Structures are given as structure tokens and as C-alpha cells.
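>>> Take this sequence and fold it.
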Amino acid sequence: MRTKSESGFSDRVAEMLAGWLGDGIQELPFRAASKGASNLLVCGGRTFAVEFRKSGGAAQVATAAAAARDAADRARPPAIPLVVVPFMGEVGRQVCAQAGVGWMDLAGNASIMAPGLRVLVEGRPNTAKVGRPPNLFAPKSSRLVRWLLANPGSQPNQRELARQTGLDEGFVSRLVVRLLDEGFLARDQDGHLAPKDPALLLQAWRERYDFFKHTIIKGHVAARSGTELAATVARTLGAQGKPYALTGLAAAWAHDRFASFRLATVFLESHPTDDLMAQLEFRPDSSGPNLWLVVPNDQSVFQGASTVDGLVCAHPLQVYLDLKAHHERAPEAAEHLLPMVLERLEAR
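Take a look at the predicted model:
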């Protein structure tokens, strides 16, 4: 028996499918062979195995996609798998595409492909933002996610997580409950925790990550190339004993030598002093900068930083997140860096 929420979803799904396909909706009873689908609907001569979720979170979409695919394959004749959520984010869309599963949300967006069928609706705004739960990947919350991803195979309990991240045990407990509910974490009978799918957790974090929440001071330093600029910045900061970590394109280049760059980006522990600005010969310039000095909104961005060919660079995980906000060849650099990041996420 469907819940009241699922019944509401079903009514809205029926209305939208009927509008797109120009046909009425027939609801089929559950069949043993297709157990697991929230509903079986027939519209336009096609059967849809529909899996509902109350959240468009990446982990929930992933489980829904697997269930819809299984139900669709078991149905006779085979059905079209379809995931339905209140609003589908970018990572959820990628998850469905990779699984070969159609999706639609209650805002009216959809991507449903099958032989002889193509439904693509984009650009409808999220109408379910009111009452939205706090961001699981806010700066403070992300300390926990960062530690779990950067320490594969560790399987800590909640108390150990609190100790490692410096977070209050009560806060950690509430955050763990939400991560478990969203399907991002698994907990064994002894209370040990681990990401269910580290790659999916990373992509969900990246979707919500906003580099521009940091304090960014944009300017220009005379240099013949991005690599010369990065070396100059590193040398100057090192001479002054200022903790730093390159990120963005400069750090991506240092880590894997892919994609030349003009813009260098560096995290600083505190706001740069006038003396440092003078040493760098830094000229404020927001229209054509080649250097971003960044004071992070949480010091955890420095965790896992390492020296690469004389340059202190943020952990590849952090660099991958930050590339989302950069231009030039940043999308290519992120794609090229991702295998290194994923390799480090694997349990030792």
C-alpha cells in the first residue's frame, strides 16, 4: 500500500505523463515479478516502473534508480524505469543517466528516453525549497565528510569522528543520522561508519560546494606564465613563514601536469597583510586578475595538503571541488584529476 505522499506523487506523475504523451493513465496492480517498484503505470501504450523518493539526494536517487531498473527488467513485458523526486539536482541527473533510467520531478522537469520516446523538459525552478533541511555539506558539516573521504578504510565510530574533526559529539550525532537517512553512510553492528559510495558522496558534496563563500581577494602580479606566478607566490609565502596551499588550476597542474593556466589560486590562513601584498607586488584587479588570494570559511581546506615539486598544494579532493568555480580549462582539469581523487578514496 502506498503512503499518502506516494499517492500525491503518483497523481502528479500521472498528470504530467498524460500531458506529455497525450494519453490517459492506467494504474496496474503490483505483480510478484516486479516487486520493488512503487507503482506501475501505463500511458501511451508504454508501461513505466516508477520509483518514488521524498528527496533528490544523490544516494537516494542511486538506490531508486537501481530499484526502478530491477522492477522494469522483471515486468512482463519489460517496463521503462522511472525515478520521481520533488526536485532533481545535477548529480541525481548524472546518476540516472549512468544507470540508463528515466527521471522526472514535481517541478515539471524530466528526461525519459526509450525506443520511440523522448521526453526532455528543463529549466523548471525548484518549488520545494521552503522547509529544505540544512546543507549537509556546509563548511562545518563538511569536516566530517572530508575526514571520511580522506581516510578510506578507517571505519570510525561517532565519538572518534568527533575527536578527529573537532566537532561537538551532539552535532556529529545529528549529522550522522542525516547522512545515514540520505543513504550516504553505512553503519555496522559495532557502530563503525563508512561511506556507502565514496564517489557518489564526493559528487553530492561538489554539487552543493560554493567556492565563492570563501573570502576572495582578486588581483594581478607580474609574471610571464601561470607556473612562474605559482612559484613566485610559493617562494614569497615560504620566505615569510605564511602557511598556504595552492588550489584550483595551479594545484591541478602540480598534481598531474594537465592543462596550462594563467590564474593561480592560493588559500591563506588569514587575511593578507600589507607587507605581504607589497612583497608580492600585488595590484588589486577584479577585471583581469591572475591571482586569487583566498581566506577560507573553514580551515579544514588545508587538511591533507602536501608539497609537490616545491609547491604546497591542497589535497586533490579539495582541488577537485575548487575547480568547479574556475574558468580557462578548469572543467577538463577536473575531469583529468578525478581518477587520482577516486583512487585516493578507495580503502587501503
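
>>> Phi and psi next, for the closest residue to residue 305 other than its chain neighbours.
Of all residues not flanking residue 305 in the chain, residue 245 sits nearest, at 4.3 Å (C-beta to C-beta, 6 or more residues apart in numbering). The C-beta positions use only the backbone N, C-alpha and C, and glycine is treated the same way. The phi and psi torsions at residue 245 (degrees, to the nearest 10) take the values phi -160, psi 120.

>>> Could you give the bridge partners of residue 245?
Legend: beta-bridge partners of residue 245 under DSSP bridges are residue 267.

>>> So it sits against residue 314, correct?
Yes - using C-beta atoms under 8 Å as the test, residue 245 is close enough to residue 314 to be in contact (4.3 Å).

>>> Now do the shared contacts for these two.
Here residue 245 and residue 314 have 251, 267, 301-302, 305 as joint contacts, going by C-beta atoms under 8 Å, 6 or more residues apart in numbering.

>>> Can you lay out those residues as TSV showing secondary structure and distance to residue 283?
Output for the shared contacts of residue 245 and residue 314, formatted as TSV (DSSP: H, G, I helix; E, B strand; the rest coil; distance: C-beta to C-beta, whole Å):
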residue	secondary structure	distance to residue 283
251	helix	23
267	strand	20
301	helix	25
302	helix	27
305	coil	27
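
>>> Now flag whichever of those residues is closest to residue 200.
residue 301 (21.8 Å; C-beta to C-beta).

>>> I'd say that closest one and residue 244 touch.
No - using C-beta under 8 Å, residue 301 makes no contact with residue 244, being 11.0 Å away.

>>> Tell me if residue 113 really is in a helix.
No - remark: residue 113 does not belong to a helix; assigned using DSSP: H, G, I helix; E, B strand; the rest coil, it is strand.

>>> how about the nearest residue to it, chain neighbours excluded?
Excluding the flanking residues, the one nearest residue 113 by C-beta to C-beta, 6+ apart is residue 102, at 6.4 Å.

>>> Equivalent analysis for residue 206, please.
The shortest distance from residue 206 to any non-neighbouring residue, by C-beta to C-beta, 6+ apart, is to residue 321 (5.6 Å).

>>> Tell me which residues touch the one you found, please.
For residue 321, the contacting residues are 205-206, 209, 211, by C-beta under 8 Å, 6+ apart.

>>> Would you write a PyMOL line that selects the buried entries of the residues you listed?
A single PyMOL command selects the buried members of the contacts of residue 321 (16 or more other C-beta atoms under 10 Å):
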select buried, resi 205+206+209+211
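
>>> Would you report which members of the contacts of residue 321 are assigned to helices?
Within the contacts of residue 321, residues falling in helices by DSSP state H are 205-206.

>>> Out of the contacts of residue 321, which is nearest to residue 136?
residue 205 (8.2 Å).

>>> Please tell me how far residue 177 sits from residue 81.
As judged by C-beta to C-beta, to the nearest Å, residue 177 and residue 81 stand 30 Å apart.

>>> neighbour-wise, which of these two wins?
residue 81 (29 against 12; other C-beta atoms under 10 Å).

>>> Tell me the spacing between that one and residue 23.
Going from residue 81 to residue 23 by C-beta to C-beta gives 19 Å.

>>> Show me where the stretch 151-300 of the chain has its strands.
Under the criterion DSSP state E, counting those that start in this stretch, the stretch 151-300 of the chain contains strands at 185-187, 193-195, 215-220, 244-247, 264-268, 283-284, 291-295.

>>> The helix or strand hosting residue 120 - contacts with which helices or strands?
According to DSSP states H and E, residue 120 maps onto strand 117-121. Packed against strand 117-121, as judged by 3 or more C-beta pairs under 8 Å, 6 or more residues apart in numbering; DSSP states H and E, are the following elements: helix 4-21, strand 102-105, strand 110-114.
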